[in-house]
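> 3D, please:
(chains A and B, ligands or ions: 2)
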Amino acid sequence: MFLAWNELKSAKLRFLLIIGVLTLMSYLVFLLSGLANGLAELNREAVDQWGADAIVLSDESNINLPQSSMTIQSAQNISAKDKAQIAQILLVARKSGTKIKESVAVTGIQKDQFLMPKISEGRAFTTDNEVVADDSLKADGLKIGDHLNISSSDQKLIIVGFTKNAKFNAAPVLYTTQSTVQKIKYGKANASGKGLINGVVLRDPHFAHLKVDPKLKLTPIETFIENMPGYTPQKISLDFMIYFLFVIVSVTIGIFLYVLTIQKVSIFGVMKAQGISSGFLIRSVIAQTFLLALFGVFIGLVLTTITGVCLPAAVPIQLNIPALFVYGIIFILVATLGSLFSVQTIVKIDPVKAIGG
Amino acid sequence: MSILQIQNASKIYGSGHTEVNALKPTHFSAEKGELIAVIGPSGSGKSTFLTIAGGLQRPTEGSVLINGQDVTKLSEKKRSRIRLSEVGFILQASNLIPYLTVENQFRLLDKVKKGTMNPNEKEKLLKQLGIDDLVKKYPADLSGGEKQRVAIAKALYTKPSLLLADEPTASLDSDRAFEVMSILSLEVKEKNKAAIMVTHDHRLTKYCDKVFTIVDGQLSQIAHGDRADAQLNASD
Ligand SMILES: Nc1ncnc2c1ncn2[C@@H]1O[C@H](COP(=O)(O)OP(=O)(O)OP(=O)(O)O)[C@@H](O)[C@H]1O
Ligand SMILES: [Mg+2]
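Ligands and ions are numbered 1, 2, ... in the order given. The predicted structure follows:
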């Protein structure tokens, strides 16, 4: 630490630049991982809000909620600890009297069951055709009291409240009563639609033991999310992007720190001639790298957080602070490991060469 | 017991066509209180001799005993420890660490070695060398002579029994060179050390007890102290 710290102090500008490079690298990784998270989150954030363990859908639906259909009767036969019925239809909503259009997921639930979202603004729906909307719609110019025309039906919806983080497969969710969804799907007159819903969401950690009707299919909630259209390929691309970025940045930092050590070979040689052990020098190089990486990552984290707050709401960034800390720690470890490249160099320094001539 | 004893040591660099006989088989010893000069033309093997004497590299054949311990038989790690405790190297300006102040050059040695000088001894040494006002400075802010004196202080700070100096006065004007030599000779006499100094400068041999020449790797003693001086001047 003694050598490491004194060297930092004596060449402040040089080490500030190095910290700057480390900061920018960690900032890049943090920010991109935040954006990738945000993008993946667009698909699943509503589902994450449910806090569910599993979902029951019709066997024929191929684990696709909008395509699934089952009777309320069969839903009631499921003996899970906590369950909630869900009806859903994907459609395009247009604000009455304007050209503002948006693809939405109109989702019918029972007010007294756990799918009922937290209201962040306004109030809960009380009668048919009242909806609680995802608050990302506010950015499109929608507000409480707005009327919505919908494609494929003459029903009109009215926004009475907003909730946060409610996107399903990238579409903002409009929560409403089950019968509203049934009316849109099957028309007002069709009585047979009254008994139909899309699925049942379960909160029960032991769902695996549950028996369901052979026409239905019990699916863990993660599997359900992975089967959302586009979700898995998109996630794989994003994950690989981040992994590659991480690996490339780590190697770059390793090389960078190695070059830094190479520059000090002659000084190390002099110290070795004096009898200072390789171990002491190696420890000082590692300590120095650790300090640099620590400063760099810390500033990177601060910058990322500030950026996250300042970016407009339309940018899907999701900063998972605990995950960023983990990334940061890995980053510091990798940089420190990178300095181990230099160990071999230090051991091999021939003190004779350093003092020879 | 001699501080340094070199028995039949030789050094051959490379092999076959590129073979260089840098040091021919050599017997040599340095006793307490002796300041010894080694003179020779460039490429004659002076640095090779000095680095073998200090346990920085192994001779191809023969043995090197520092205070009775054969360093040719030790691992690099153990030789490194002997260098730290028994040997003080004085090089040209390069043996100061550029990013440490003079003060911290000494603190570094405190970190890696027990039994360095206590504060009183250190203060006395720095006064003696006239560098007690420079402790807060970095090497880049020192003159060539000041650097050299700090380097000497650094070599003495670990209380070595054997001092090895490779052209310690090369970057100094003659007044400074004489000054440095008298300090070295005083240290050696006062503290009963042995010192070997490689130099090009014949005028410095008057401070020395023994003078050796080395030509094409062949070491031979030419005279004692002042007589050596006279002899060399006569032959010039
Ligand atoms: N590592 C090495 N590999 C091969 N040959 C070497 C090596 N080191 C030195 N030599 C050769 O050994 C001979 C003696 O070298 P040495 O460095 O001891 O000379 P020197 O007397 O110190 O010269 P100078 O006064 O120029 O410093 C030279 O011919 C040199 O080329
Ligand atoms: Mg030399």
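
> so how far is ligand 1 from the residue of chain B found nearest chain A?
Chain B approaches chain A most closely through residue B:84 (2.8 Å), counting by CB to the nearest CB. From N, CA and C alone the C-beta is placed, and that goes for glycine too. Computed as CB to the nearest ligand atom, to the nearest Å, the residue B:84 to ligand 1 distance reads 23 Å.

> Identify the neighbouring strands of whichever strand or helix holds residue A:84 in the sheet and state each direction.
Element membership for residue A:84 (DSSP states H and E) is strand A:82-95. Partners of strand A:82-95 in the sheet, by DSSP bridges, are strand A:101-109 (antiparallel), strand A:147-150 (antiparallel), strand A:199-203 (antiparallel).

> any idea which of the ones you listed is most buried?
strand A:199-203 (a mean of 25; mean count of other CB atoms under 10 Å in any protein chain shown).

> can I get the CA coordinates of that one in PDB?
The C-alpha trace of strand A:199-203 is given here as PDB (Å, rounded to 0.1, in the frame of the first residue of the first chain):
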ATOM      1  CA  GLY A 199     -56.300 -17.900 -17.300                       C
ATOM      2  CA  VAL A 200     -55.700 -18.100 -13.600                       C
ATOM      3  CA  VAL A 201     -52.700 -16.700 -11.900                       C
ATOM      4  CA  LEU A 202     -51.500 -18.500  -8.800                       C
ATOM      5  CA  ARG A 203     -49.600 -17.500  -5.700                       C
END
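
> Dump whichever helix or strand comes after that strand to PDB, keeping only the CA atoms.
Downstream of strand A:199-203, the first helix or strand assigned by DSSP H and E is strand A:216-220. Extracted C-alpha coordinates of strand A:216-220, given in PDB (Å, rounded to 0.1, in the frame of the first residue of the first chain):
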ATOM      1  CA  LEU A 216     -55.500 -26.900 -19.000                       C
ATOM      2  CA  LYS A 217     -51.800 -26.500 -18.400                       C
ATOM      3  CA  LEU A 218     -49.900 -25.300 -15.300                       C
ATOM      4  CA  THR A 219     -46.900 -23.200 -16.100                       C
ATOM      5  CA  PRO A 220     -44.300 -21.700 -13.800                       C
END
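
> Identify each buried residue in strand A:216-220, please.
A:216, A:217, A:218, A:219 (16 or more other CB atoms under 10 Å in any protein chain shown).

> Name the nearest of those residues relative to chain B.
Nearest to chain B among the buried residues of strand A:216-220, counting by CB to the nearest CB, is residue A:219 at 62.5 Å.

> mind checking the longest helix of chain A?
helix A:12-50 (DSSP state H).

> Just the helices from the stretch 251-357 of chain A, written as ranges.
Secondary structure of the stretch 251-357 of chain A (DSSP state H, counting those that start in this stretch): helices at A:265-273, A:278-310, A:321-338, A:341-348, A:351-355.

> give me the element residue 184 is part of.
I'll assume chain A. Using DSSP H and E, the element containing residue A:184 is helix A:178-186.

> Chain B was what I was after
Counting by DSSP H and E, residue B:184 is part of helix B:174-191.

> shaky segments in the chain?
Since you didn't name a chain, this refers to chain A. A:189-193, A:354-357 (pLDDT under 70).

> other chain: chain B
B:92-94, B:223-236.

> who are the neighbours in contact with residue 38?
With no chain named, the answer covers chain A. A:315, A:316, A:317, A:318 (CB atoms under 8 Å, 6 or more residues apart in numbering or on different chains).

> oops, I was thinking of chain B
Going by CB under 8 Å, 6+ apart, residue B:38 touches B:46, B:49, B:50, B:196, B:197, B:198, B:199, B:211, B:212, B:213, B:214, B:219.

> count of residues packed around the fourth one?
This means residue B:196. Per other CB atoms under 10 Å in any protein chain shown, the neighbour tally for residue B:196 reads 25.
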